[in-house]
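S.K.: Quick one, structure for this:
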Amino acid sequence: MAKAKQDYNPPTTLPAFGRAPKIYVVGHKIPDSDSVCSSLAYAYFLKKKGKNAIPVKLNEVNPETKFILNYFKVKIPETLKNAAGKNLILLDHNEKEQSPDNTDKAKILEVIDHHKISFSLPEPIYFWTESVGSTATMIAKKFFQEKIEIPRKIAGLLLSAILSDSVIFRSPTTTKEDIEIAKKLARIAKIKNLEKFGIEIKKKKMMIAGMSPESIIHSDFKNYDMAKKKVGMGQIEICDFEEVEKRKAELIQKLKEISQKENYNLLILIITDIIKQNSQLLAAGKIEYLEKAFGKRVEENVLSLPGVMSRKKQIVPPLMETFSKS
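M.R.: Numbers count the residues shown, from 1 in each chain. Predicted coordinates for the structure are as follows:
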């Protein structure tokens, strides 16, 4: 087991290495803990390989990610405002709708992701995808496989991202590999109780008091192209549905407003209770697609889905299939 370093702080900007071109390592448009922490960790990995890699984000980070970065005393990455003319490595996404603006005018060098493949380029590149619970699991594997020492802070970032994306191993996307790698990282990061630390992380993301309805909807949001139909899905994680029950009406109203204004075919806010492992979907637009996909009636713009937690594995696939048949 590699001995953890205590003094490393991943840089958000790196010095030029002679004529080595800058490589921007970037996650998706709505930064979550997996995309941000994986970008920081992979930029460090590439630097150890002699690359001039710079971790960046596309928008503001959420409270959960801020907590993680503060906990391990790591600076928030800079924001990439324009991708045109830059060398990019895409992490935790491969869909055009989730990529930086002007990506078509950039050079994509690599893609590392754990979502479904929706990607094409006219030239071959390094594209790595695996069915695991977190991109951070894949980045950690690279460190272990190439025997590159993982500093304590980097291990902490990767561990936190795995706990976040796997919902503390409760999500159906979680694999044995996620758990095994998380345990290795925990030893390096000196985190003794994964359950306790994971809940501490998730509680930060659940703090919706004082947030506007639009901010709640977009706090963890992704756009999808489903059979050339525009679909948007936000997701929040809570410990009890009562936390948002009193705000349902205003959230549904805001979903309707955004759906009409931005021409969504279907717009959804997934509210997931990580303790009871259930979800409620608040929806606007053509809600009949939801009813066809899940074989249940939507009541007053709300669909209850017991046992459903994963947007990626349990909600997107049936909707994709339904739209493709429409």
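
S.K.: what about the helices in the stretch 51-200 of the chain?
M.R.: In the stretch 51-200 of the chain, the helices defined using DSSP state H, counting those that start in this stretch lie at 63-71, 135-145, 152-165, 176-189, 194-205.

S.K.: could you give me the average pLDDT of the second one?
M.R.: It stands for helix 135-145. Helix 135-145 carries an average pLDDT of 98.

S.K.: Ok, the first one next?
M.R.: Summarised as a single mean, pLDDT over helix 63-71 is 95.

S.K.: What are the buried residues along it?
M.R.: 64-65, 67-69, 71 (16 or more other Cβ atoms under 10 Å). (Each C-beta comes from the backbone N, C-alpha and C, glycine too.)

S.K.: Need the single longest strand in the protein, by residues.
M.R.: If you go by DSSP state E, the chain has its longest strand at strand 229-238.

S.K.: ok, I89 - how many residues close by?
M.R.: By other Cβ atoms under 10 Å, 22 other residues sit near I89.

S.K.: pLDDT at it, what is it?
M.R.: On pLDDT, I89 comes in at 97.

S.K.: ok, it - contacts?
M.R.: Neighbour list for I89: 23-26, 42, 46, 53, 108-112 [criterion: Cβ atoms under 8 Å, 6 or more residues apart in numbering].

S.K.: Just say which of the helices of the stretch 51-200 of the chain is most tucked in.
M.R.: Of all the helices of the stretch 51-200 of the chain, helix 152-165 has the most neighbours on average by mean count of other Cβ atoms under 10 Å, namely a mean of 28.

S.K.: Name the nearest of the buried residues of helix 63-71 relative to T129.
M.R.: Taking Cβ to Cβ as the measure, T129 lies nearest T65 of the buried residues of helix 63-71, at 22.9 Å.

S.K.: residues touching the closest one, list them.
M.R.: 31-33, 36-37.

S.K.: Report the residue spans of this structure with pLDDT below the cut-off.
M.R.: In the predicted model, the chain carries pLDDT under 70 at residues 1-19, 206-207, 209.

S.K.: Could you give the separation of stretch 245-254 from the chain centroid?
M.R.: 24 Å (Cα atoms, centre = their mean, to the nearest Å).

S.K.: circling back: what angle do helix 152-165 and the longest strand of the chain make with each other?
M.R.: For strand 229-238 against helix 152-165, the angle by axes from the mean of the first three to the mean of the last three Cα atoms, to 10 degrees is 110 degrees.

S.K.: immediately after strand 229-238, which helix or strand?
M.R.: Using DSSP states H and E, the helix or strand that follows strand 229-238 in sequence is helix 242-245.
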